[in-house]
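Student: kindly return the folded structure for what I paste below:
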Amino acid sequence: MIRFLPAADRIARPWKNGGGVTFDVASFPDGSTLDTFAWRISIAEVASDGPFSRFEGIDRSTAILSGEGFRLAFGDGPVADLRLDAPAFAYPGDLATDCTLLGGPVLDLNVMTRRGVYRHRLRLVEGECIVEGEAVLVCPRGSATVSVEGARIILHENDALVLSAPHFHCDVPLWLAELLRV
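Tutor: Sure thing, here's the model as predicted:
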């Protein structure tokens, strides 16, 4: 299965906590809500400092698509700086998480999986790739060509591709979310 998800088709909606705007890229099962998804991928606009929405029982990874980045603070616990072209950062979605911008608005990529149902890995890939389970590719900027199952698909900035094929090739770095049943 190959499903193309153009960025232009996404509809903005408020964050769960109302503090920003998000665009759903893909979720499973289709038609699931914020309370019922097994996995969810979204792109969010972060325009000001403030708390992230909490998601009980969810594991989460975030990567920066544009902007200088932000600092995430987890109560009295650790602090993480996320920046453009840096590796994704994984954390429990049920922790209280405060965000401080490092230099203006940011667009970020979020992957969330329901703990005990799915697990995920978010990473930048280029060239030949082999994946387990389902995969969602997101083009962070410019355009990219993805070759899969004899097809060549062009992705533009923030376009996505859902694949169940185990092997593909991409000509520039793309974000890959690997989604695996537990």
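
Student: tell me which residues are up against the lowest-mean-pLDDT helix or strand in the chain.
Tutor: The least trusted helix or strand in the chain, going by mean pLDDT, DSSP states H and E, turns out to be strand 12-14, with a mean of 90. With contacts defined as CB atoms under 8 Å, 6 or more residues apart in numbering, strand 12-14 is touched by Gly20, Val21, Thr22, Phe23, Asp24, Glu45. (Each C-beta comes from the backbone N, C-alpha and C, glycine too.)

Student: OK, contacts around the residue lying closest to the fifth one once chain neighbours are set aside?
Tutor: Nearest non-adjacent residue to Asp24, counting by CB to CB, 6 or more residues apart in numbering: Ser42, 5.3 Å away. The neighbourhood of Ser42, defined by CB under 8 Å, 6+ apart, consists of Thr22, Phe23, Asp24, Val25, Leu109, Asn110, Met112.

Student: could you redo the last one with a cut-off of 7 Å?
Tutor: Thr22, Phe23, Asp24, Val25, Asn110 (CB atoms under 7 Å, 6 or more residues apart in numbering).

Student: turn those residues into a markdown table, columns for pLDDT and neighbour count.
Tutor: Shown next, in a markdown table, are the contacts of Ser42 (pLDDT from 0 to 100; neighbours: other CB atoms under 10 Å):
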| residue | pLDDT | neighbour count |
| --- | --- | --- |
| Thr22 | 94 | 22 |
| Phe23 | 96 | 16 |
| Asp24 | 95 | 16 |
| Val25 | 96 | 22 |
| Asn110 | 97 | 22 |
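
Student: residues in contact with the helix or strand Val146 falls within?
Tutor: Element membership for Val146, per DSSP states H and E: strand 143-148. Residues outside strand 143-148 that contact it (CB under 7 Å, 6+ apart): 2, 137, 152-156, 161, 163, 165, 168-172, 174.

Student: and the chain, what are its domain boundaries?
Tutor: The record, using automatic domain parsing to delimit domains, assigns the chain the ranges 9-116, 119-181.

Student: turn the contacts of strand 12-14 into TSV, including secondary structure and distance to Thr145.
Tutor: TSV is the format used below for these (DSSP: H, G, I helix; E, B strand; the rest coil; distance: CB to CB, whole Å):
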residue	secondary structure	distance to Thr145
Gly20	coil	32
Val21	strand	30
Thr22	strand	28
Phe23	strand	23
Asp24	strand	25
Glu45	strand	27
